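Engineer: Got a sequence here, can you model it:
(chains A and B)
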Protein chains: 2
Amino acid sequence: MELFDKHQSVLTKAVEALHARQFFAAFPENPAPAIYGDSADAQGQQAFKSRLGKPFDQLLQKDAESWIGEEESPYLHEKLGITYPAYNTDSLVQRSRAAFHSWRKLDVNRRAGILLESLERLRDRFFELAYATMHTTGQGFMMAFQASGPHAADRALEAIAAGYEELRRVPQRAHWEKPMGKYVVKLDKEWRPVPKGISLVIGCSTFPTWNSVGGIYGSLITGNSVIVKPHPGAILPLAMFVSEIQRVLDEEKLDFNICQLAVDTHDAMKTRALAEHPAVKIIDYTGSPEFGSYLESLSGKTVFTEKAGVNCVILDSTDDIDKVVSNLAVSLTLYSGQMCTAPQNFLVPAGGIKTAEGMTTFDAFSTKLSEAITSLVDNPKAGPFVMGAIQNDRTFRRIGEAEQMPGKVWLRSRTVSHPMFPKARMATPVVVELDASDYNLYSREYFGPIAFIVRTRNTDESIEIAQSLAEHHGAISCGAYVTNAETKARIADEMALSATPVSFNLTGNVYMNQNAAFSDFHVSGGNPAGNASFTNPQFVLGRFNWVGHREMVPA
Amino acid sequence: MELFDKHQSVLTKAVEALHARQFFAAFPENPAPAIYGDSADAQGQQAFKSRLGKPFDQLLQKDAESWIGEEESPYLHEKLGITYPAYNTDSLVQRSRAAFHSWRKLDVNRRAGILLESLERLRDRFFELAYATMHTTGQGFMMAFQASGPHAADRALEAIAAGYEELRRVPQRAHWEKPMGKYVVKLDKEWRPVPKGISLVIGCSTFPTWNSVGGIYGSLITGNSVIVKPHPGAILPLAMFVSEIQRVLDEEKLDFNICQLAVDTHDAMKTRALAEHPAVKIIDYTGSPEFGSYLESLSGKTVFTEKAGVNCVILDSTDDIDKVVSNLAVSLTLYSGQMCTAPQNFLVPAGGIKTAEGMTTFDAFSTKLSEAITSLVDNPKAGPFVMGAIQNDRTFRRIGEAEQMPGKVWLRSRTVSHPMFPKARMATPVVVELDASDYNLYSREYFGPIAFIVRTRNTDESIEIAQSLAEHHGAISCGAYVTNAETKARIADEMALSATPVSFNLTGNVYMNQNAAFSDFHVSGGNPAGNASFTNPQFVLGRFNWVGHREMVPA
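Structural biologist: You can find the predicted model right below:
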């Protein structure tokens, strides 16, 4: 219980924050030397560099069948050269199954202590994690630090807290007496939260840890063994999480195969074989709608997905259009639009946007947005760091497709040069005008720095479009700028019906892309963007069954 | 709020009972005149009789396209002649969709008040409900009274309580402040539990209300509109529930189509059309594994199923074999084995069962069990009332199939005559001996008064078989008789792994078939017997989405 005692207070705070949905962050997002130490950055960078071109030696997994790895830095445009131990599906599953039993039988407090300890150790490696994330995902340093480090760790803590709560919701035992008139029936009852078995967590290439640690820690706290299958393009950040979990398990004299890393390559993906294995009972997935829907259709599995969303901004009215435009320019430029929460479709009435100084016309808005983006990306102290690099060539090519669309191109994409990484794969956002009638064009997700300004008849039509897109094609976020209380209430109601959270009237340094652990649900689970929600109680409840035994008390 | 105030105390008690999992019953199961009134029985019987041969006029649904109904009494062996208003799928869905919006916008307390009021009114009709249930399902009077009336109402109350809890788990709003060093980000946040839409509840022919009211009330409390599709063989009990809900809705000036009855006939089932309608988002189902699995595979739906289970009794050791045998004889004779929780496979070691007086051999146990059954069914004051009638001819024919199996028939089924209903479709249990190697025979559910005594090598093999059956073919209950603590612990662990609750050492008047609301989960959701559990929080959480909106607080 040593580890549990050590971390109990943070767990208690996390449970409280989850209830109150107030601000809480156990891991500071500010990479300042005053917080993380003067040498943390240099040491982290050094640690990252020391892994390049070598087998990754931090995992405890043994007897690799081969060593593979083909990660490539979007900044350096070259292979990282790191290899990881690889195994076939059967041996991964066999080890996981063997490890499962010791883990499921462990007291939940001991499981919690071990998992919290692993997060605390990762805290000391947040800078290394940041560089690992930059050079796999293409994120800028600040996002890579925050998203892969403190924000991911907070989401992991949130999943631990949610699981911890659910595991204790039903009493362990109760003496049950039923009066039957002349006699009393007496039963001793007990209830067990029984983990489902092997949990497979499938990572993505853009937010390898943030999107996956909820599933990893959610499955572990509820007693399942976990196989982590990272995207072949972003292994290192997840490998670091797995290695820290394995080390704590090992120190606690437990089988480190309770959490295994399962790497593969683009040409020989192991995902289907793992997902379809009968012993795999739980699957977490972030990625394409096609593959996500295939996973959801597998019978006998509990599947948690985040797929794609077509996110809209409804522009109706505002006091200050320039503040709105500045905010939106950042929203769609951040990490070059490679966020599942980034806005894609800006719905603007043909008659313009009502402002304190009269109407801002459709064209004026389009001009202002294009100018704000240009001013941001051309600012050498901000632009390249906000944009980061494009993770892969498919995203890069998609930008060209958007420019071919039959609408006015308000802003053409340019390649720009990164002051620190001259070979970085970079592209500024493209902005294309479409008409409401072009539904078939803007109704799919164009992942990347691609924005459409859609000319609608009026705000009613904007709401209709945003709702229809969410309902039929999925949405993870929505922005709305509206000063009229009645219209605002209508947007809130209609978008809630299509299970889409709305950020109203954001300006300044708060963006619709951002979801905070302990307060903002991430993905609602109620539209085609995904069936899971961080961290709805269902996200942990689906990982175990309540089983109640009972016994006659002798008269 | 009048209705809520009226019923708040019972709701509070229900929530508390659910937490503590202690005994709680809001609706007395004892049909004594002292509790339900001297004339309640006669009035209920009269009310039931008055409906025979007539259109059912208690529903508020209008403009029927036709009036249909083909229920038949298993006791009278004749049609009830009651007809119900019928509609096509589109008009049912259209009405449900229109009614949905007023209901979803209603305050949860008002919804709770209305639903609780409907249950209180049904309380006054429990005897009528009992006769309606007897003459559709074939249950004996006592079971029909308890299961369709108080026990069902308690399960409905449990679902209301669970939903009420979940709807209030997340605060309605919070002011959120994030310190950012030099400034503070301030957001007003709000969270809405958004119902999914139209909920379809598909009833079964044996426990029409008990198995369906959890879904009906669970969907209603969370704000969905509900279409209740009873089994064509058991409409009346559910029609009574729907009519009481409709009346309270109407009195409260709400659209009574918030809860509609959708009847069909065996030859023209509407279930697929309703289930596949895109507006139907939630499905509750009790019935065959084939149809249940088809429903589970529908994409874009939240599906709660109870399918079939192959329930075992593991016989290892006991202090008093005669008490065990008496208890088991009732378990498998109750309602002629037509309970999803009834035992089917009695796993007995070839070497016999250890007792205080030495070993009870396999043959001695088989003889004792057969004798106990015979003595029970031949007791004119108990037998016919415990057995009830066979709901349908398919179940009746299945008994014959069992007798053709390649094992010793320890007890042949007989037709017996009911003292009150000479034409009743009745059959006493058949008991057949099989060997552990006959897995392919005893591994499917033989719904009805059919029991197999399976000769196993030893208790280890018995556990293995019980676990394998649960894991691969589903199990809803399990009995075990065992005096050794270590063996008991092993059974508890192994069966928990296959998500099957075990009743240990039941004797006297407590049977493994019985699951009590507020304390026993019914079905675990963790094996092929079904994916849902009464009332795991997931059973209500799956009926709505949490959606959080947020707005910038101006600086």
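
Engineer: What's the local residue count around residue A:70?
Structural biologist: Around residue A:70 there are 17 other residues, counting by other CB atoms under 10 Å in any protein chain shown. To be clear about C-beta, it is placed using only N, CA and C from the backbone, and glycine gets the same treatment.

Engineer: again, but for residue A:110
Structural biologist: Residue A:110: 16 neighbours (other CB under 10 Å).

Engineer: Run through the neighbouring helices and strands of the helix or strand hosting it.
Structural biologist: Using DSSP states H and E, residue A:110 maps to helix A:108-123. On a contact count with 3 or more CB pairs under 8 Å, 6 or more residues apart in numbering or on different chains; DSSP states H and E, helix A:108-123 meets helix A:2-20, helix A:152-167, helix A:213-221, helix A:236-251.

Engineer: Show the low-confidence segments of the stretch 451-555 of chain A, by residue range.
Structural biologist: Nowhere does the stretch 451-555 of chain A drop to pLDDT under 70.

Engineer: Please identify the residues of it in proximity to chain B?
Structural biologist: A:492, A:495-497, A:499-510, A:516, A:519-521, A:524-526, A:528, A:533, A:536-538, A:541-542, A:545-552, A:555 (CB under 8 Å from any CB of the partner chain).

Engineer: mind listing the helices for the stretch 451-555 of chain A?
Structural biologist: A:459-473, A:485-497, A:537-541 (DSSP state H, counting those that start in this stretch).

Engineer: how about the strands of the stretch 351-500 of chain A, start to end?
Structural biologist: Using DSSP state E, counting those that start in this stretch, the strands of the stretch 351-500 of chain A run over residues A:353-355, A:358-360, A:409-411, A:430-435, A:450-456, A:478-481.

Engineer: Please convert the ones you listed to JSON lines, extending it with mean neighbour count.
Structural biologist: Shown next, in JSON lines, are the strands of the stretch 351-500 of chain A (neighbours: other CB atoms under 10 Å in any protein chain shown):
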{"stretch": "strand A:353-355", "mean neighbour count": "20"}
{"stretch": "strand A:358-360", "mean neighbour count": "15"}
{"stretch": "strand A:409-411", "mean neighbour count": "19"}
{"stretch": "strand A:430-435", "mean neighbour count": "22"}
{"stretch": "strand A:450-456", "mean neighbour count": "25"}
{"stretch": "strand A:478-481", "mean neighbour count": "27"}
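
Engineer: Just name the most buried of the helices and strands packed on helix A:108-123.
Structural biologist: helix A:213-221 (a mean of 31; mean count of other CB atoms under 10 Å in any protein chain shown).

Engineer: quick one: that helix to helix A:236-251, angle?
Structural biologist: 20 degrees (axes from the mean of the first three to the mean of the last three CA atoms, to 10 degrees).

Engineer: and the angle for the very next helix or strand once past helix A:213-221 with helix A:236-251?
Structural biologist: Once helix A:213-221 ends, the next helix or strand along the chain (criterion: DSSP H and E) is strand A:225-229. Strand A:225-229 runs at 160 degrees relative to helix A:236-251, counting by the same axes, to 10 degrees.

Engineer: Run the chain-centre distance for strand A:225-229.
Structural biologist: 17 Å (CA atoms, centre = their mean, to the nearest Å).

Engineer: Neighbouring strands - and their directions - for it?
Structural biologist: Applying DSSP bridges, strand A:225-229 is found paired with strand A:198-202 (parallel), strand A:259-261 (parallel).

Engineer: Give me the contact list for the first one.
Structural biologist: Which is strand A:198-202. The contact list for strand A:198-202 (CB atoms under 8 Å, 6 or more residues apart in numbering or on different chains) reads A:93, A:96-97, A:100, A:212, A:215-216, A:219, A:224-229, A:231, A:271, A:274-275, A:277, A:279-287, A:543.
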